[in-house]
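**Q** quick one, what's the 3D model for this:
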Amino acid sequence: MKTTVPETTHYNPVESNLYMALELGDKTWKLGFSVGLGQKARLRNIAAADRVALKREILRAKQRFGLPETAAVWSCYEAGREGFWIHRHLKSVDIENHVVDSSSIEVNRKARRTKTDKLDVTKLVEMLIRYALGEKRVWRVVNVPSCQDEDDRHLHRALKTLKQERTAIANRIRGLLKTQGISWSASMAGLSQEALEKMRDWQGQELGAGMKSRLGPQIRGWRQLTTEIAALEKQRLQLLRQEKGKKLDQVRRLESLKGIGINGAWTLVMEALGWREFRNRREVGGFMGLTPSPYQSGASSREQGISKAGNQWCRDVLGELAWLWVQYQPTSDLTLWFEERFAQAGPRARKIGIVALGRKLVIQLWQYVEWGVIPPGAVFYSRLSS
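**A** Residues are numbered from 1 along each chain as shown. I've put the predicted structure just below:
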């Protein structure tokens, strides 16, 4: 006997709210709508970034679920390449939106789990309802910066990207010269088209036309990147000397400490300390990705290392700042702690210790820029110590 299940036509809204999840794609967006747990989601597709179609589907969903046009709408989507402009648009039309850290979303642990956009958006809308009902640990919500805070992060990121590209080109040039028996150990600034013409290979012969045609664009690219880097560094220095503002004041305060230069101070402030509202030191360490990852199951227990789930830009600069702090702040409490525990240890242990020092250091720097608490034993540059 065949049994048929009647289609659900009656819905029980949760506090008369409409819940919407977005699965974002390059060409299409998949929308999932629901009004309560256990109810089949309404799925719709629209063209990517079509705000008119998005508004239309929201109104149709309210009609389908029997909600008034004034009903509140909760929405969510996973953080990704689209950034935060969608979040800002949804907030501008009075939609309570949440940008979700994709790594915090629970998934099926089968070796070959089924994954489709339909399943993903259905899962998202169910988790959104659970979050709205008070299950706050169901995922991690991204702290969205303001437009100005987000724009302030581009200068130092552009600088680091350009420097990485310049280093890659310099390594490529040295590698190409090495194939001809030429070891270029001098500064890349001295490498020009004229110097290229004077070069001789391992047997004293002029470089071939093919090699010159390959090296020429690389040299010009290196010089162009150097010019752009100098321009950005000049712009940053002018802002620091001439402009006023909370973030710039914080950069100046950090830079006054020995061992902290403009690169480290600028990155820490613009990425985190200047706009993020941390409640405690655990949140600071978690944002930087400098938290432990223990694994314990039954009799098995081990440490998997730091999570590296935080801000990569800050974490990269913290390693450098930690070593510089040990060098230029030898009388500080942090350096004394590091030397006491890791001075006689091997290279691997010292590397582990410097990560721990970086975590302690960023917490003290946060306390310094937030409340003026000077790191114990720290000294300032003589020109600013007064």
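**Q** show the average pLDDT along stretch 25-39.
**A** Here stretch 25-39 scores 93 as its mean pLDDT.
**Q** give the buried residues for that stretch.
**A** Neighbour-count burial for stretch 25-39, counted by 16 or more other Cβ atoms under 10 Å, picks out 29-36, 39. Quick note: C-beta positions are derived from backbone N, CA and C, even for glycine.
**Q** would you turn these into CSV with distance to K136 and secondary structure?
**A** As requested, the buried residues of stretch 25-39 are exported to CSV (distance: Cβ to Cβ, whole Å; DSSP: H, G, I helix; E, B strand; the rest coil):
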residue, distance to K136, secondary structure
W29, 26, strand
K30, 26, strand
L31, 24, strand
G32, 21, strand
F33, 22, strand
S34, 19, strand
V35, 21, coil
G36, 19, coil
Q39, 22, coil
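**Q** ok, so of those, who is nearest R153?
**A** When the buried residues of stretch 25-39 are compared for distance to R153, the smallest value, 26.3 Å, is given by W29; criterion: Cβ to Cβ.
**Q** please identify which helix or strand holds N97.
**A** Remark: N97 resides in strand 96-100, with elements defined by DSSP states H and E.
**Q** neighbouring contacts of that strand?
**A** Among residues not part of strand 96-100, those counted as contacts by Cβ atoms under 8 Å, 6 or more residues apart in numbering are 72-79, 84, 86-87, 90-91, 124, 128, 131, 139-142, 144.
**Q** would you put the C-alpha positions of that strand in PDB?
**A** Below are the C-alpha coordinates for strand 96-100, written out as PDB (Å, rounded to 0.1, in the frame of the first residue of the first chain):
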ATOM      1  CA  GLU A  96      19.400  41.700  11.100                       C
ATOM      2  CA  ASN A  97      22.300  40.100   9.300                       C
ATOM      3  CA  HIS A  98      25.200  38.000  10.600                       C
ATOM      4  CA  VAL A  99      28.400  37.200   8.800                       C
ATOM      5  CA  VAL A 100      29.400  33.700   9.800                       C
END
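**Q** now, of the contacts of strand 96-100, which are buried?
**A** Among the contacts of strand 96-100, those buried by neighbour count (16+ other Cβ under 10 Å) are 73-79, 84, 86-87, 90, 124, 128, 131, 139-142, 144.
**Q** so which of those residues belong to strands?
**A** Residues from the buried ones among the contacts of strand 96-100 lying in strands, with DSSP state E as the criterion: 73-78.
**Q** show me which of these is closest to W366.
**A** E78 (28.2 Å).
**Q** mind putting the ones in strands among the buried ones among the contacts of strand 96-100 in JSON lines, distance to W275 and pLDDT included?
**A** Putting these into JSON lines (distance: Cβ to Cβ, whole Å; pLDDT from 0 to 100) gives the following:
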{"residue": "V73", "distance to W275": "27", "pLDDT": "96"}
{"residue": "W74", "distance to W275": "25", "pLDDT": "97"}
{"residue": "S75", "distance to W275": "24", "pLDDT": "97"}
{"residue": "C76", "distance to W275": "22", "pLDDT": "96"}
{"residue": "Y77", "distance to W275": "22", "pLDDT": "96"}
{"residue": "E78", "distance to W275": "22", "pLDDT": "95"}
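**Q** got JSON lines for these, with distance to Q327 too?
**A** As requested, these are arranged in JSON lines below (distance: Cβ to Cβ, whole Å):
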{"residue": "V73", "distance to Q327": "54"}
{"residue": "W74", "distance to Q327": "51"}
{"residue": "S75", "distance to Q327": "49"}
{"residue": "C76", "distance to Q327": "46"}
{"residue": "Y77", "distance to Q327": "45"}
{"residue": "E78", "distance to Q327": "42"}
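**Q** of those residues, which pair is most distant in space?
**A** Greatest spacing in these, by Cβ to Cβ: V73 and E78 (18.1 Å).
**Q** what sits up against stretch 350-369?
**A** Contact partners of stretch 350-369, identified using Cβ under 8 Å, 6+ apart, comprise 250, 253-254, 257, 260, 268-269, 273-274, 278, 281, 284-285, 288, 290, 306, 314, 318-319, 321-323, 325-326, 334, 337-338, 341-342, 345, 373-376.
**Q** may I see the buried residues of it?
**A** Buried residues in stretch 350-369 (16+ other Cβ under 10 Å): 350, 353-354, 356-369.
**Q** over to stretch 284-301?
**A** Within stretch 284-301, the residues that qualify as buried are 284-291, counting by 16+ other Cβ under 10 Å.
**Q** same check, this time on stretch 217-234
**A** Of the residues in stretch 217-234, 219, 221-223, 225-226, 229, 232 count as buried by neighbour count, 16+ other Cβ under 10 Å.
**Q** restricted to helices, list the residues you listed.
**A** Taking DSSP state H as the definition of helices, these contribute 219, 221-223, 225-226, 229, 232.
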